[in-house]
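> My questions are about this predicted structure, shown below with the sequence.
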Amino acid sequence: MPALLRFVLSPGADYAGHTAQYLTLCAASFAAAVVLGVAAGGAAARRPVLAFLAINVSGMARAVPVIAFLAFAIPYLGLGFAPAFVALTVLGIPPVLLNTWAGLRGVDPSVVDAARGMGMTGRQIALRIQAPLVLPVVASGARTSAVQIIATATLAAIIGAGGYGDYILSGLYQVDMTQILAGTVPVSGLALLAELGLGAVERALTSPGMRAIGTA
């Protein structure tokens, strides 16, 4: 442990710089995945054909290894942040898309019809009826997406995107456990924080009535 601490604090390791790179890449990819996943899931819930395409395409995207996607993107996006951002965003979209679609499809149509019969506009129905029911499900998908992105972003070092993956690759090459731990320990910690933090958000967005149903 003292060796790990010395390495982290050494100026040559530039630990703060690698941390900033990793957090920026993960945060940007996660934000893009949530926005695109919610938009695609909402569109798919209203159109059966689009739902079929979105679900199957997202499933195939998850089956493609991230390393293969990174290699494919290099001729078009080059090295560094851009291809890593695109690859991680693609990785993070499916859980959000599928949960958004499932959440919207799970809303009882009779509830929506009743709200429309009371004179509520489409915007009011979306904000007051659908959103409270769907947000916990979307948050669950976002939690899965965040953990996947954080755990996979170390591979971005292969194409020069930096971050903690640099330490892991260097440690494997030099057979240096200190460098490997310098990369893996913070990644594990970030993944755990994302799991716990977004889990708390999911619980906060779940209404007391829905919690009671879930525990019944």
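Alright, I've got the coordinates.
> Check the burial of residue 78 by counting its neighbours.
For residue 78, the neighbour count with other C-beta atoms under 10 Å is 12. For every residue, glycine as well, the C-beta is placed using N, CA and C.
> Could I get the contacting residues of it?
With contacts defined as C-beta atoms under 8 Å, 6 or more residues apart in numbering, residue 78 has no neighbours.
> For residue 153, see how far away it is.
Counting by C-beta to C-beta, to the nearest Å, the gap from residue 78 to residue 153 is 18 Å.
> And for residue 33?
12 Å.
> Spit out the residues that contact the two alike.
Common neighbours of residue 33 and residue 153, using C-beta under 8 Å, 6+ apart, are residue 88.
> the helices in the chain, which residues?
2-9, 15-46, 48-63, 66-77, 81-105, 109-117, 122-124, 131-152, 165-174, 177-205, 208-215 (DSSP state H).
> Of those, flag the one that's most buried.
Burial of the helices of the chain is given as mean neighbour count (mean count of other C-beta atoms under 10 Å); helix 81-105 ranks first at a mean of 23.
> remind me which residues of the chain are low pLDDT?
1, 61-63, 122, 207-216 (pLDDT under 70).
> Isn't residue 67 up against residue 157?
No. If you go by C-beta atoms under 8 Å, residue 67 and residue 157 don't touch, sitting 11.5 Å apart.
> distance of the spatially most central residue of the chain from residue 183?
With distances taken as C-alpha atoms, centre = their mean, residue 145 lies nearest the centre of the chain, 2.7 Å away. From residue 145 across to residue 183, the span is 22 Å (C-beta to C-beta).
> And for residue 100?
Per C-beta to C-beta, residue 100 is found 33 Å from residue 183.
> Over to residue 117?
Counting by C-beta to C-beta - residue 117 and residue 183 are separated by 57 Å.
> Pull up the gap between residue 139 and residue 43, please.
Applying C-beta to C-beta, the value for residue 139 to residue 43 is 20 Å.
> If you could redo that for residue 168, that was the one I meant.
38 Å.
> one step back: got a list of what the residue nearest to the centre of the chain touches?
For residue 145, the contacting residues are 30, 33-34, 37, 91-96, by C-beta under 8 Å, 6+ apart.
> Return the closest of these with respect to residue 9.
The shortest gap between residue 9 and any of the contacts of residue 145 belongs to residue 30, at 28.6 Å (C-beta to C-beta).
> Hmm, the closest one is touching residue 147, no?
No. If you go by C-beta under 8 Å, residue 30 and residue 147 don't touch, sitting 10.0 Å apart.
> ok, residue 190 - contacts?
22-23, 26, 150.
> at 10 Å instead, please
Taking C-beta atoms under 10 Å, 6 or more residues apart in numbering, we find residue 190 in contact with 19, 22-23, 26, 146-147, 149-151, 153, 164.
> circling back: dump the contacts of residue 145 to a markdown table, plus distance to residue 194.
Shown next, in a markdown table, are those (distance: C-beta to C-beta, whole Å):
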| residue | distance to residue 194 |
| --- | --- |
| 30 | 8 |
| 33 | 13 |
| 34 | 12 |
| 37 | 16 |
| 91 | 14 |
| 92 | 11 |
| 93 | 16 |
| 94 | 17 |
| 95 | 13 |
| 96 | 14 |
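> Out of these, flag the one nearest to residue 199.
Nearest to residue 199 out of the contacts of residue 145 is residue 95 (C-beta to C-beta; 14.0 Å).
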